[in-house]
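K.L.:
generate coordinates for the sequence data below:
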Amino acid sequence: MKIYTKTGDLGETGLIGGRRISKHHERIIAYGSVDELNSSVGLILATLQSSQHVNSFSDFVKILLTIQNDLFILGADLADDSPITDNRYGSPRVNEEMITKVENTIDTFEQELAPISFFILPGGSLESGHMHLSRSIARRSEISVVTLSKAESINPLAIIYLNRLSDLFFVMARTANKRLGIPDSAWMKRH
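P.N.:
Numbering: from 1, shown residues only. Here you go, the predicted structure:
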């Protein structure tokens, strides 16, 4: 089977169920943002697995692989415009368990960290920098999904999942720096 189908050459694409919509539609922008987020998670994984500190991040690798799989579920959820209560096409859907898993992971990592009382600049280590990039892509994805939710009915858990995921990337970025002995860098307000 060829990778190119030529069905999108006129600026339209198909949703789960076969409906064709414009590639500039809010739904396509939303799940395209989720795809970009998934790619950025892949970049984090490649960075961690090639790092000389790979043993310090074995728990990160396991978590990030789960997140990548969950992001495929989120993408499918957004690509299916059937009502969540109907799910006539049998698409996987974001669920409470996925959100709880992210929240529990945040809680676990926060136990490693000192509380903060200042805004943190993204960066420090390469590992942390990539996680901050994924955090900001998760925030933008969340905005895209919220925009879609104002125009069409979606699974409301999709928004919650992305919100928690951006928080997780923030905590993981701080944890990566801590494990590497790099302090958080505070934003310095200029007058």
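
K.L.:
where does the protein have low pLDDT?
P.N.:
Low-confidence segments of the chain (pLDDT under 70): 4, 6-10, 12-18, 20-23, 191.

K.L.:
all the helices of it, residue numbers only.
P.N.:
Defined through DSSP state H, the helices belonging to the chain, from first to last, are 26-50, 58-79, 96-110, 126-151, 157-179.

K.L.:
closest to I120 out of those helices?
P.N.:
Judged by C-beta to C-beta, the one of the helices of the chain that comes nearest to I120 is helix 157-179, at 7.0 Å. Yep, even glycine has a C-beta here, placed from its N, CA and C like the rest.

K.L.:
L48 and L126 touch, don't they?
P.N.:
No. Distance between L48 and L126: 9.6 Å, which falls outside the contact criterion (C-beta atoms under 8 Å).

K.L.:
so what's the residue nearest to F57 when sequence neighbours are not counted up against?
P.N.:
Here the nearest residue to F57 in space, its sequence neighbours aside, is L48; by C-beta to C-beta, 6 or more residues apart in numbering that works out to 4.6 Å. For L48, the contacting residues are V54, F57, F60, V61, L64, E127, by C-beta atoms under 8 Å, 6 or more residues apart in numbering.

K.L.:
and the fifth one, how many neighbours does it have?
P.N.:
It refers to L64. Using other C-beta atoms under 10 Å, L64 has 22 other residues around it.
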